[in-house]
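Engineer: okay, sequence plus prediction incoming.
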There are 2 protein chains.
Amino acid sequence: MDARVKPDLAAWAGRHLERVEQALSQWVVDDAPAGLGEAMRYAVLDGGKRLRPLLVMAASEAVGGNDEAALRAACSVELIHAYSLVHDDMPCMDNDVLRRGKPTVHVKFGQAQALLAGDALQALAFELLAPDDSSIPAATQAALCRLLARAAGHSGMAGGQAIDLASVGRPLDEARLMEMHRRKTGALLQGSVMMGAACGRTDERARTALAQYGSAVGLAFQVVDDILDVTADSATLGKTAGKDAAQQKPTYVSVLGLQRSRDYAGELLAQALGALDASGLRDTLALKSLARMVVDRQN
Amino acid sequence: MDARVKPDLAAWAGRHLERVEQALSQWVVDDAPAGLGEAMRYAVLDGGKRLRPLLVMAASEAVGGNDEAALRAACSVELIHAYSLVHDDMPCMDNDVLRRGKPTVHVKFGQAQALLAGDALQALAFELLAPDDSSIPAATQAALCRLLARAAGHSGMAGGQAIDLASVGRPLDEARLMEMHRRKTGALLQGSVMMGAACGRTDERARTALAQYGSAVGLAFQVVDDILDVTADSATLGKTAGKDAAQQKPTYVSVLGLQRSRDYAGELLAQALGALDASGLRDTLALKSLARMVVDRQN
């Protein structure tokens, strides 16, 4: 992107989202056997803000990354996000019946198919990152697999969900709550930024700054999520509002209160923007706009 | 291994299994949060025949593969196998309470933790394949991720499980039954062989032969599994015998009868051994012994 001609976020995001949606529709096959492909597509297509893919794309642009690698990485993080929602909605977890305004996958396809669809989406995420051609250097493929596996696994998302599971009905202090969210949602959001960065060349300074940006945006996302759970209605959210309180889940709002949660989201945004200013990267407008969007969003 | 001094399979397997067990115990961390690591270790350690890791090791030896890559690949296929058992045993799938003579993971840790442990094991499998050092060339890392993702996902194991799910109580013809097993168990067994091969250098002739070997061994494994489900008792199997018939699942025995199933297993063994003879590879003794073990096993 020419640094002198900056499109606004909506135009930038629209252009990239179109590519992501097309790629997801192509790569999430519908010829998987026995209804599995249908369940996978239902879980992934026509829904979601695609924040993680946009973070990948924006970070890749900031470092002049390989375009094909960025597109694959963008889709792969969305597949991991989608699979986690499918499993998280199941009766043995959150038992939710509504997601993005539609019946959840297990409601529509049954629990067994939902379990398999989630499993297959996780595998597909890694398959996308390692195409059998020379469009993406092997070192980039390996780095992307490494970053995604760490973000998704026990030290990232899955570990955070285990803490979440163990914390229902128990008071968590702020440090423990932050630890949970750093893993549960933060790891994949930060991972998205770092995967975008891995599509190009970065120096240590830029990598550190992008890691700080990703961490701040990841936490801000969750703080705002907790605020919206209290202040928005189900129709706006596209999912059941007030769920956390009903399930006695600890949230930033329950730990900090509403006003301090809002202040904290603002501080995290300032941290994210400050990190980019210190990154030495020239083209950080999209990353900055995405950070603002995360904090200002209404759903 | 010196081709003139061939150890028997037990000694060869014992030596490699010790390394695999040690590596699994090291890599399947127990510091994952909130009991997740405990559930992951319970699912993986102290159990299983470790057939898939041995296939990786044997194939890697046959092609003179990178030893560190082979060990990581061996552990990664076992993690995928272990996660699939955890999810497969859950109430919404096979609802089994006994595995390797022990309570299944969801019985011991609850369904939510079992779901997460399976998810985290899948992520860890890919994490193992992409270490952040130069011990394994990036091209090998990427090839291993590619092979594992394809073997585990919708076109492999998860796809086979979807066919399995859709086939309960319905008659399947032999072709459809074979298609199910090619994916459900065959893909990961063949994938193990091809991942071992990817740890070294192979020509087209060797790769084709190893793919044929892996396919035949994969099918033979399932045919023998179906035979043992009818002929062995639960104590010998370490899992519930007669389960397939009780659940009206189509099996080779129900489709072909017991004697023709035994004949078929013998034919597949001959195919596997013949493929190795045509491979141009010198050191195929361990692969041959493993194929015989698959067909002759009692549990």
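Structural biologist: Arrived safely, thanks for sending. Residues are numbered from 1 along each chain as shown, chains lettered A, B, ... in the order given.
Engineer: identify each buried residue in the helix or strand A:G266 falls within, please.
Structural biologist: Of the helices and strands defined by DSSP states H and E, A:G266 is found in helix A:258-277. Taking 16 or more other CB atoms under 10 Å in any protein chain shown as the basis for neighbour counts, the residues of helix A:258-277 that come out buried are A:261-262, A:264-265, A:268-269, A:271-273, A:275-276. C-beta: built from backbone N, CA, C; applies to glycine.
Engineer: so which elements touch it?
Structural biologist: Packed against helix A:258-277 by the contact rule (3 or more CB pairs under 8 Å, 6 or more residues apart in numbering or on different chains; DSSP states H and E) you find helix A:204-231, helix A:252-256, helix A:285-296.
Engineer: in TSV, list the buried residues of helix A:258-277 along with distance to A:M40.
Structural biologist: What follows is the buried residues of helix A:258-277, written out as TSV (distance: CB to CB, whole Å):
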residue	distance to A:M40
A:S261	35
A:R262	37
A:Y264	37
A:A265	34
A:L268	34
A:L269	35
A:Q271	36
A:A272	33
A:L273	37
A:A275	36
A:L276	35
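Engineer: looking at the residues you listed, which is nearest A:Y42?
Structural biologist: A:A265 (32.1 Å; CB to CB).
Engineer: quick check: closest non-adjacent residue to A:K184.
Structural biologist: When the adjacent residues along the chain are set aside, A:K184 lies closest to A:G160, with 2.7 Å between them (CB to CB, 6 or more residues apart in numbering or on different chains).
Engineer: go on, A:P171?
Structural biologist: A:P250 (6.5 Å).
Engineer: wait, A:V223 sits on A:L268?
Structural biologist: Yes: A:V223 lies in contact with A:L268 (CB atoms under 8 Å); the separation is 6.8 Å.
Engineer: ok, the residue nearest to A:P171 touching A:S167?
Structural biologist: Yes: the criterion here is CB under 8 Å, and A:P250 meets it with A:S167 at 5.7 Å.
Engineer: neighbour count: those two, which is higher?
Structural biologist: Set side by side, A:P250 and A:S167 show more neighbours around A:P250, with 21 against 17, by other CB atoms under 10 Å in any protein chain shown.
Engineer: okay, that one: pLDDT?
Structural biologist: On the pLDDT scale, A:P250 is placed at 79.
Engineer: show me the contacts for it.
Structural biologist: If a contact means CB atoms under 8 Å, 6 or more residues apart in numbering or on different chains, then A:P250 has A:167, A:170-172, A:177 as its contacts.
Engineer: which one (most neighbours) among those?
Structural biologist: In those, the most neighbours by other CB under 10 Å go to A:L177, 23 neighbours.
Engineer: what pLDDT does that residue get?
Structural biologist: A:L177 is assigned a predicted lDDT (pLDDT) of 88.
Engineer: for the host helix or strand of it, which helices and strands make contact with it?
Structural biologist: For A:L177, the element it lies in under DSSP H and E is helix A:174-181. Helix A:174-181 sits against helix A:157-167, helix A:204-231, helix A:252-256, with contacts defined as 3+ CB pairs under 8 Å, 6+ apart.
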